[in-house]
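Peer 1: coordinates only, no sequence provided:
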């Protein structure tokens, strides 16, 4: 048996409780991780509310990433062994003492990195890497707009843009309380989205050119302004729908400016596709984590038993960087 965060029902943070359930058994191609830490992502809050179910066949326990030590391996696993320190992308199951992961989704934890920091890497940094670079195609000398200054994906995106590209202009929207801290991360322009029209600010900043890539988790509420802020040939990558799912588009402007709108999720992608993303991330980003060129930003560490408090903090946007859940063994 093992301890895990269970849902009594769907709803607010109080529906979560720590209970006991059976330890999962690794299938072919999987490993079981003795979890030392996991982290909180917006998707966890959505799943808790009943809006984002686990993919078929995956754990219904919350948690999309984890760090720990391999406890057992399934048939066909040859490159990993019990005792290996790993961090992994998960389709679910991270809020527990043990979690299953596909062997091809594992990354070795760099020697100097602790478990709390490692728990911040896979879902957040991989999401930013996938959507800004592999899908959005951000390149040297271009410009990018990242919405949601202070969030985990946003801070990861800022770090990746600064280290994987040269001469890139980084624009970030942030609430008034987070503007100064976002600015200290080395961005070129921070826009107060509460009081300023970010599309107008970007048009002014870029001399009416617009930005080449936008990473957006708001959706419908931002669609018109995003397209106004996007350059000719620009790419808008939507990874969330906090501002709604239904919107009207000016298709004429979209066509004339040859813009692209791309919807993207990571969790529901096929296992093999996520393995390919993991491999690309391992090649391009893992060395930067290993030599501490990139260091995950941790806002707070809660024990697993205080998952509800961690969810409340994220829901109220009181965090800057990642919120970690430490798992007691």
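Peer 2: Now that the structure is in, tell me what you want to look at. Note that the coordinates shown come from a computational prediction; the quantities given were computed from them, not determined experimentally.
Peer 1: so where is the stretch 101-250 of the chain shaky, pLDDT-wise?
Peer 2: Applying pLDDT under 70 to the stretch 101-250 of the chain picks out no residues at all.
Peer 1: show me where the stretch 151-300 of the chain has helices.
Peer 2: According to DSSP state H, counting those that start in this stretch, the stretch 151-300 of the chain carries its helices in the segments 152-164, 179-183, 198-205, 223-229, 251-256, 271-284, 286-290.
Peer 1: among these, which comes closest to residue 27?
Peer 2: Of all those, it is helix 271-284 that lies closest to residue 27, at 11.2 Å by Cβ to Cβ. Where you see a C-beta, it was placed from the backbone N, CA and C, and this is true even at glycine.
Peer 1: report the angle between the closest one and helix 152-164.
Peer 2: If you take axes from the mean of the first three to the mean of the last three Cα atoms, to 10 degrees, helix 271-284 sits at 50 degrees to helix 152-164.
Peer 1: please work out the average pLDDT along helix 271-284.
Peer 2: In this model, helix 271-284 has a mean pLDDT of 98.
Peer 1: among the helices of the stretch 151-300 of the chain, which is nearest residue 328?
Peer 2: Nearest to residue 328, of these and by Cβ to Cβ, is helix 152-164 at 22.9 Å.
Peer 1: buried residues in that closest one?
Peer 2: 152, 153, 154, 155, 156, 157, 158, 159, 160, 161, 162, 164 (16 or more other Cβ atoms under 10 Å).
Peer 1: make CSV out of the residues you listed and add distance to residue 53.
Peer 2: Listed next are the buried residues of helix 152-164 as CSV, based on distance: Cβ to Cβ, whole Å:
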residue, distance to residue 53
152, 22
153, 21
154, 26
155, 28
156, 25
157, 27
158, 31
159, 31
160, 29
161, 32
162, 36
164, 33
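Peer 1: look up which residues are beta-bridged to residue 230.
Peer 2: residue 211 (DSSP bridges).
Peer 1: measure how far stretch 291-305 is from the centre of its chain, please.
Peer 2: 13 Å (Cα atoms, centre = their mean, to the nearest Å).
Peer 1: related to what we said a few turns ago, so which of the helices of the stretch 151-300 of the chain gets nearest residue 50?
Peer 2: Short answer: helix 152-164, nearest of those by Cβ to Cβ, at 22.4 Å.
Peer 1: what's that closest one packed up against?
Peer 2: Judged by 3 or more Cβ pairs under 8 Å, 6 or more residues apart in numbering; DSSP states H and E, helix 152-164 is in contact with helix 122-128, strand 143-146, strand 169-174, strand 322-326.
Peer 1: let me have those in JSON lines, extended by mean neighbour count.
Peer 2: Shown next, in JSON lines, are the helices and strands packed on helix 152-164 (neighbours: other Cβ atoms under 10 Å):
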{"stretch": "helix 122-128", "mean neighbour count": "27"}
{"stretch": "strand 143-146", "mean neighbour count": "26"}
{"stretch": "strand 169-174", "mean neighbour count": "23"}
{"stretch": "strand 322-326", "mean neighbour count": "24"}
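Peer 1: select, out of these, the one closest to residue 288.
Peer 2: That would be helix 122-128 among those, by Cβ to Cβ, at 9.6 Å.
Peer 1: re the thing from before, export the helices and strands packed on helix 152-164 as CSV, with columns for distance to residue 301.
Peer 2: Listed next are those as CSV, based on distance: least, Cβ to Cβ, whole Å:
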stretch, distance to residue 301
helix 122-128, 15
strand 143-146, 25
strand 169-174, 23
strand 322-326, 5
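Peer 1: circling back: so which of the buried residues of helix 152-164 comes closest to residue 233?
Peer 2: Once Cβ to Cβ is applied, the member of the buried residues of helix 152-164 that ends up nearest residue 233 is residue 161, at 18.6 Å.
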